[in-house]
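>>> Give the three-dimensional model of this entry:
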Amino acid sequence: MTDTSSPPPLDFVRAIVAEDCKTGKYGGKVMTRFPPEPNGYLHIGHAKSICLNFGIANGFGGKCNLRFDDTNPTKEDVEYVESIKEDIRWLGFSWEDREFYASDYFEQLYQWAEQLIRDGLAYVCSLNGDQIRAYRGTLTEPGKPSPDRNRPVEESIDLFRGMRAGEFPDGKYTLRAKIDMASPNVNMRDPVLYRILHAEHHRTGKKWCIYPMYDYAHGQSDSIEGVTHSICTLEFENHRPLYDWCLDALQIYHPQQIEFARLNLTYLLMSKRKLLQLVEGNFVGGWDDPRIPTISGLRRRGYTPESIRMFCERIGVTKYNSLTEINVLENCIREDLNRRAPRAMAVLNPLRIVLENYPEDLVEEMEAVNNPEDPSAGTRTVPFSRVLYIEQDDFRENPPKEFFRLAPGREVRLRYGYVIKCVSAVKDPQTGLIAELRCTYDPATRGGNTPDGRKIKSTIHWVSAPHAVDAEIRLYEHLFTKESPEDVPEGTDYKVNLNPNSLTIVKSAKLEPSLAAAQPGSRYQFERLGYFCADSKDSRPGALVFNRTVSLRDTWAKIEKKTGGK
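Numbers count the residues shown, from 1 in each chain. Alright, predicted model coming up:
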């Protein structure tokens, strides 16, 4: 018999933390941090890091700080700070009173930089950016030392203080570490620690005109906060020697940096820089556009925090970069909303039906289940009348094989209603398109039962026409046409793979009347169509807007796709 009582195995990061707790490293203390740069909105990849950092702290009785690494005032904004805090809270995590900023430590970082100069481990360099790159060498050739590498300590101190005092323009000087210009790791070839930036900072204003580089500020900020395990994505693995060098050179408390593989999802971009290009170029409608993988975009699309946490747990934490299929994320939201979302009926592309033998003035209330997965959700009533709407796709005048929905002379079951039979199709004389179906209903089949035992192969949804609520429906597809958006011909960029059909707006949808009171952000399963969310920005009473979160699996749609619609 398999033993299912033991907990699941730890991922490699948690295994390291568990071993450190066991051996008493850091006195058994666990302190992590989530350190976003406030230069854009967080995306699903950041959610993985949030779940990991806060999850480890919670799992080992530790704490997780929120620290904004705000070292580049030219790209940072208070808007991004506030959005990041909102996203973390929405995901269900709290940093309590531990909200920090690298800018809190600017004075201490500066003093440590002077210490490095005094110890002969840093110098002021007059090479510009292009020259520094040229002097750095290549992966196969060592770099050349800067002409200023042996600048006298006092001269470097004076110049560095002049940099701080605003005596020089941007780019005139940098402060560089003196490490090893022949190091096989190019990050160790006298990296820049400080640069001049005459830019106003969102917190410190114009107090500073020199700013530390991320690689310099990050480790020392970890040290100040007493972080035990500094968890970064894999691209920082080659930067770890510099992280360690700075801490050792300053002889201060030394956290442990651990790298894990970042998240990559098919059909999506995971780069704040490129997402910013899409936003600023108006290729999408903003940082909360439901087509992009920002947390705010996913929230607006209808994703739940539970589904995103489930996704992060399901994909795990590894040391190796890989590409995760988007359907893993989509299956998580399906699974979550299947349990919690109330059901409703909506017709996106309405086709009018008249039940010829149904009394003209009769309206019946049909009992409908709110959620078959949750008996406590109860039932609701939906009105049934002589004139109904069904989906245009639920009727074929000349039905192909394996199509079991409505067709001339054929019966179908109306969900929660009656069995109906199509008698004839009325066509628009000008277009030749079917404008209306004339049908009959079987009064003995209320609720879909057939007392005579006859088999009805298909059940379709519907909405009573006199009671229908109008709504705009936004149907989202992948923003890119390729699984890897950056797979492009030479000389082009990822934007050539933008999907022109990533958003379809349906203006004439008909909804059951219970949805008239749908609040912004509320989620539903539209039966047979998918999961939908009332748009948090644009939807309001009398002008409803719903976003499709994710579709349901549609057997007939798959058949049509396979056969080319034949």
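
>>> ok, and the closest non-adjacent residue to Asp538?
Distances taken as C-beta to C-beta, 6 or more residues apart in numbering put Val545 closest to Asp538, at 4.5 Å, once the chain neighbours are dropped. Just so you know, the C-beta spots here come from the backbone N, C-alpha and C atoms, and that holds for glycine as well.

>>> I'd assumed that neighbour was in a strand, is it?
Yes. Residue state for Val545 (DSSP: H, G, I helix; E, B strand; the rest coil) corresponds to a strand.

>>> That one: neighbour count?
When counting by other C-beta atoms under 10 Å, one arrives at 19 neighbours for Val545.

>>> And for Ile333?
24.

>>> so it is in which element?
Using DSSP states H and E, Ile333 falls within helix 326-340.

>>> I figured Lys457 was touching Phe403, is that so?
No. Look at Lys457 against Phe403 with C-beta atoms under 8 Å: they stay out of range, at 9.9 Å.

>>> who's more crowded, those two?
Counted by other C-beta under 10 Å, Lys457 and Phe403 do not tie: Phe403 has more neighbours, with 19 against 11.

>>> who touches the residue nearest to the more buried one when sequence neighbours are not counted in this structure?
In space, and not counting its chain neighbours, Phe403 is closest to Arg396: 5.5 Å by C-beta to C-beta, 6+ apart. Neighbour list for Arg396: Phe403, Arg405, Leu406, Ala407 [criterion: C-beta atoms under 8 Å, 6 or more residues apart in numbering].

>>> Hmm, which of the residues you listed is lowest in pLDDT?
Across those, the bottom pLDDT score, 91, is held by Phe403.

>>> Point out where the protein drops to low pLDDT.
Across the chain, the ranges flagged by pLDDT under 70 are 1-8, 554-566.

>>> Go again with 90.
Regions of the chain meeting the criterion pLDDT under 90 cover residues 1-10, 321, 401-402, 448-449, 490-491, 553-566.

>>> rewinding a little: quick one: the residue nearest to Phe403 from Cys209, how far?
Distance of Arg396 to Cys209, given as C-beta to C-beta, to the nearest Å: 71 Å.

>>> Repeat that for Ser146.
For Ser146, the distance to Cys209 - C-beta to C-beta - is 22 Å.

>>> now do Glu391
63 Å.

>>> Also Glu472?
Where Cys209 is concerned, Glu472 sits at a distance of 50 Å (C-beta to C-beta).

>>> what's the answer for Tyr123, then?
Tyr123 sits 20 Å away from Cys209, taking C-beta to C-beta as the criterion.

>>> So if I had to pick from those two, which one is more boxed in?
More neighbours surround Tyr123 than the other of Tyr123 and Cys209, with 25 against 20 (other C-beta under 10 Å).

>>> neighbouring strands for the host helix or strand of the more buried one, and are they parallel or not?
Using DSSP H and E, Tyr123 falls within strand 122-125. Using DSSP bridges, the strands paired with strand 122-125 are strand 174-177 (antiparallel).

>>> Give me the next element, helix or strand, following the strand it pairs with.
Remark: after strand 174-177, the chain's next helix or strand is strand 192-196, criterion DSSP H and E.

>>> That following strand: how far from the chain's middle?
Computed by C-alpha atoms, centre = their mean, to the nearest Å, the chain-centroid distance of strand 192-196 equals 33 Å.

>>> before we move on, the earlier item: just list the residues touching the residue nearest to Asp538, thanks.
By C-beta under 8 Å, 6+ apart, the residues touching Val545 are Ala471, Glu472, Ile473, Arg474, Ala534, Asp535, Asp538, Ser539.

>>> now for the helix or strand encompassing the third one, which elements pack on it?
In this structure, Ile473 is located in strand 469-476 according to DSSP H and E. Of the remaining helices and strands, those touching strand 469-476 by 3 or more C-beta pairs under 8 Å, 6 or more residues apart in numbering; DSSP states H and E are strand 503-511, strand 544-551.

>>> got the CA positions of the last one in PDB?
Coordinates of each C-alpha in strand 544-551 appear next as PDB, following Å, rounded to 0.1, in the frame of the first residue of the first chain:
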ATOM      1  CA  LEU A 544     -22.800  45.500 -18.700                       C
ATOM      2  CA  VAL A 545     -19.400  44.500 -20.000                       C
ATOM      3  CA  PHE A 546     -18.100  40.900 -19.500                       C
ATOM      4  CA  ASN A 547     -14.600  39.600 -20.200                       C
ATOM      5  CA  ARG A 548     -14.100  36.000 -21.100                       C
ATOM      6  CA  THR A 549     -11.600  34.600 -18.600                       C
ATOM      7  CA  VAL A 550     -11.200  31.200 -20.200                       C
ATOM      8  CA  SER A 551     -13.300  29.100 -22.500                       C
END
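
>>> and the angle for that strand with strand 503-511?
Interaxial angle, strand 544-551 versus strand 503-511 (axes from the mean of the first three to the mean of the last three C-alpha atoms, to 10 degrees): 110 degrees.

>>> what is the orientation angle of strand 544-551 with helix 326-340?
Counting by the same axes, to 10 degrees, strand 544-551 lies at 120 degrees to helix 326-340.

>>> neighbouring strands for strand 544-551, and are they parallel or not?
Using DSSP bridges, the strands paired with strand 544-551 are strand 469-476 (parallel), strand 530-534 (antiparallel).

>>> and the ones you listed, which is most packed in?
strand 530-534 (a mean of 25; mean count of other C-beta atoms under 10 Å).

>>> Pull the distance from that strand to the chain's centre.
From the chain centre to the centre of strand 530-534 is a distance of 17 Å (C-alpha atoms, centre = their mean).

>>> In contact with His467, which residues are there?
When contacts are counted by C-beta under 8 Å, 6+ apart, His467 is found next to Val363, Pro383, Ser385, Glu512, Pro513.

>>> what does stretch 115-129 contact?
Residues outside stretch 115-129 that contact it (C-beta under 8 Å, 6+ apart) are 113, 132, 135, 146-151, 153, 155-157, 159-160, 163, 171-179, 190, 192-193, 249-250.

>>> What about these, which are in strands?
Applying DSSP state E to the contacts of stretch 115-129, the entries found in strands are Thr174, Leu175, Arg176, Ala177, Val192, Leu193.

>>> wait, the last one sits on Lys178?
What it means is Leu193. No. Counting by C-beta under 8 Å, Leu193 stays clear of Lys178, with 10.3 Å between them.

>>> which two in the ones in strands among the contacts of stretch 115-129 are spaced the farthest apart?
Thr174 and Ala177 (10.5 Å; C-beta to C-beta).

>>> about what we covered before: looking at Leu193 and Lys178, which one has more neighbours?
Leu193 (25 against 21).

>>> Distance of the more buried one relative to Tyr216?
Leu193 is 4 Å from Tyr216, by C-beta to C-beta.

>>> residues touching the residue nearest to Phe260 when sequence neighbours are not counted, list them.
Nearest in space to Phe260, with sequence neighbours left out and distances taken as C-beta to C-beta, 6+ apart, is Val317 at 5.0 Å. The contact partners of Val317, taken as C-beta under 8 Å, 6+ apart, are Asp11, Phe12, Val13, Arg14, Lys48, Leu52, Phe260, Ala261.

>>> This completes my enquiry, with thanks.
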